[in-house]
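In: dropping the sequence and predicted coords here.
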Amino acid sequence: MPATSATSVHNALHALAEEFWQGFLAAEPTFATVLGDHRFDDRLPDISPAGRAAHRAFLAGIGDRARAIDGSALDPTDRTTRSVLIEEVDGQLAMADAWLDRWTVDPIGGPPTAFMDLPEFQPTDTPDRAAAMVARWRAIGRLLEQHIANLRDGLADGQVAVRAPVERVLEILAGLEARPLEEWSLVAPGGVPHPDWAPAAREAFAADLESSVRDVVGPAFAAYRTFLESEILPAARGQDRPGMMHVPGGVEAYRRLIRVHTTLDVSPEEIHAVGLAEMERIDREFAELGRRVLGTEDRGATLARLRDDPALRFATADEVRGTAERSLARAQAAIGDWFGVLPRALCEVVPVPTHAQEHQTIAYYTWPSLDGSRPGRFWINLHAPETRPRYDAEALAFHEAVPGHHLQIAIAQELEGLPAFQRNLGPTAFAEGWGLYTERLCDEMGLYSSDLDRFGILSFDAWRAGRLVVDTGMHALGWSRAEAIAYLHEHTALGDNNIANEVDRYIVWPGQALAYKIGQLEFLRLRARARSVLGDRFDIRAFHDVALGSGAVPLGTLAELVEDWLQTA
């Protein structure tokens, strides 16, 4: 192909990728804020049927145009970009077609929690940015009206939430209402006006912010609470019917979500079987390590000891945070021997906000800002430290921070020559599969402090294998919420409070939890293949650089990248 033609196709692909990225950020303005793109700080998503339809049409158009680009005319890097773009668009379309916002009431990422977290990411250091915050807060009323309308439409069609998550959201709302307004993060944001502002301007901003919460946000939350109590809760599905299979159209939608989150064409039954097989293997490892370290006689006794022995729990929140910080520092010092490419962006440990702690997962990660003004953040839940196992803490830090999510995401953000969407988005199976893969990798790296801490590897591996079983069990095989809780209690060392939170997460995020173990198994398979092919020439640093060198990609694309590398290594 003539060079001019090849350049033209390259330029067309990258222009389309940029068009998609800009449209995505405009449709998801709060994600843009988290990334440090503050052009949309005065907006919230349009989740009305008309807004959703417009964005769906935009995505479909991008997908059609990406498929029309001749892949054979592209170099290998651009072929990867094209396939990742098609996969990303198809995934977002499938998520839209799963109509989760017509029946999901989410205590983890739903409106009350998400809104209260926003001030952590939204600056108010200029008059324009301060005005944007006030405008966004005032838009919360409209978005909650749209959310209520969507749930009401779903209810009319027989699509309704599960009772337990609804009750959790009502608890969150009641807790907010019980707190003085001046304690809300929306009234006292982390970012403060610039010190050079005139006192009158600072006072005006504070007054505007307070009035937006008092006059708009507070009443909107109250209306949402009344709606949930009066319309959703009486009709909500009981814990005997938590899965999508009990929602009209849910069976087909769940299969689409499996494809979105795993990037593979696999059935719920196949995933369920993989989970059972993995759990059988991990059960044996639990029994063996328990006999060696704890002197317990079998898996059941080992899990009971791990779950019930107070000596294996933290005593204070400071201990939880301190262990996280030390683990991160130890991993950061070691990664140079295992990765050739390292990110410039730093990672810090921060506590989960108090308003979200009780119903939030044990930890999570958020991206560094694109402009370098904010590092990656490993959020650690300090609620009820006496329920937090000491032996899980190191594996948790390695997964969420380094060499897990922070390393993977920060490296992706800093890849030169790739479109912005490819550096910042990607399939759950890649990102979470990588995080889980690194938990065992860190044992090879010598990062675990003791055999007791290695229980964290097994605990989290069992947790992710259990997800394959209970997620498919509830959404495809008719399991009850109680059955899911009982299964995880029998096979994992998670505390009962964490198990209940996790099961409710799987209820409101169908299919997402499948990605971890499925992705981990593929990373392990590809590394084993590379070691087999290369023998003594295998270089773990080179393998990791190839795996992370194109951003988060579909698992099939990852396999192609590794195979291409093996042909030239």
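Out: Right, received. Where do you want to start?

In: from here on, contacts and neighbour counts on C-alpha atoms
Out: Fine.

In: now the phi/psi pair for Gly238, please.
Out: phi -80, psi 170 (degrees, to the nearest 10).

In: do Thr366 as well
Out: phi -130, psi 150.

In: in the stretch 401-550 of the chain, which spans are helices?
Out: With DSSP state H, counting those that start in this stretch as the criterion, the stretch 401-550 of the chain has helices at 405-413, 420-424, 428-444, 451-476, 481-491, 496-508, 515-534, 540-548.

In: and those helices, which one averages the lowest pLDDT?
Out: Ranked on mean pLDDT, the bottom entry among the helices of the stretch 401-550 of the chain is helix 496-508, at a mean of 91.

In: contacts for it next, please.
Out: With C-alpha atoms under 8 Å, 6 or more residues apart in numbering as the test, helix 496-508 has contacts from 104-106, 108, 162, 164-165, 242-243, 359-362, 471, 474-475, 481, 484-485, 488-489, 512-513.

In: list the buried residues for it?
Out: Neighbour-count burial for helix 496-508 flags Asn498, Ile499, Ala500, Asn501, Glu502, Val503, Asp504, Arg505, Tyr506, Ile507, Val508 (criterion: 16 or more other C-alpha atoms under 10 Å).

In: how about stretch 230-248?
Out: Ile232, Leu233, Ala235, Ala236, Arg237, Arg241, Pro242, Gly243, Met244, Met245, His246, Val247.

In: the first one reaches Gln159, doesn't it?
Out: No: when contacts are counted by C-alpha atoms under 8 Å, Ile232 is not listed as touching Gln159 (10.4 Å).

In: one step back: save the buried residues of helix 496-508 as CSV, and put in distance to Leu170 too.
Out: Below are the buried residues of helix 496-508 laid out as CSV (distance: C-alpha to C-alpha, whole Å):
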residue, distance to Leu170
Asn498, 19
Ile499, 20
Ala500, 16
Asn501, 15
Glu502, 18
Val503, 18
Asp504, 14
Arg505, 16
Tyr506, 19
Ile507, 17
Val508, 15
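
In: closest one to Phe227 out of those residues, please.
Out: Val508 (18.5 Å; C-alpha to C-alpha).

In: tell me which stretches of the stretch 251-400 of the chain form strands.
Out: With DSSP state E, counting those that start in this stretch as the definition, the stretch 251-400 of the chain shows strands at residue ranges 347-351, 363-366, 376-380.

In: strand partners (parallel or antiparallel) of the shortest one?
Out: The sheet places strand 363-366 alongside strand 376-380 (antiparallel), with pairing taken from DSSP bridges.

In: next SSE downstream of the longest helix anywhere in the chain?
Out: Selection of the longest helix in the chain by residue count, based on DSSP state H, yields helix 127-156. Next helix or strand after helix 127-156 toward the C-terminus (DSSP states H and E): helix 163-178.

In: burial count for Phe227?
Out: 15 (other C-alpha atoms under 10 Å).

In: could you do Leu74 as well?
Out: 19.

In: same question for the helix or strand hosting Leu59: list its buried residues.
Out: Counting by DSSP H and E, the element that carries Leu59 is helix 49-68. For helix 49-68, the neighbour count (16+ other C-alpha under 10 Å) marks Arg52, His55, Arg56, Phe58, Leu59, Ala60, Ile62, Gly63, Ala66 as buried.

In: you'd agree Leu346 is up against Pro375?
Out: Yes: the pair Leu346 / Pro375 is scored as a contact, 5.2 Å apart, by C-alpha under 8 Å.

In: what residues are shared contacts of these two?
Out: With C-alpha under 8 Å, 6+ apart as the test, Leu346 and Pro375 both reach Pro368.

In: neighbour count for those two, which is higher?
Out: A count of neighbours by other C-alpha under 10 Å puts Pro375 above the other of Leu346 and Pro375, at 20 against 17.

In: which pLDDT value goes with the residue nearest to that one when sequence neighbours are not counted?
Out: For Pro375, ignoring the flanking residues on the chain, the nearest one in space by C-alpha to C-alpha, 6 or more residues apart in numbering is Pro368 at 4.5 Å. The per-residue pLDDT reported for Pro368 equals 92.

In: same deal with Pro193?
Out: 57.

In: likewise the one 4 residues further on?
Out: Here the pLDDT value assigned to Trp197 is 77.

In: count of residues packed around it?
Out: With other C-alpha under 10 Å as criterion, Trp197 counts 13.

In: 27 is where my numbering starts, stick with that
Out: Taking 27 as the first residue, the last one we looked at is Trp223.

In: make a ChimeraX selection of the buried ones in the contacts of helix 522-534.
Out: Buried members of those, defined by 16+ other C-alpha under 10 Å, are picked up in ChimeraX with:
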select :130,131,132,134,188,190,191,268,269,385,386,387,388,497,500,501,507,510,511,514,515,538,539
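
In: with that, I have no additional questions.
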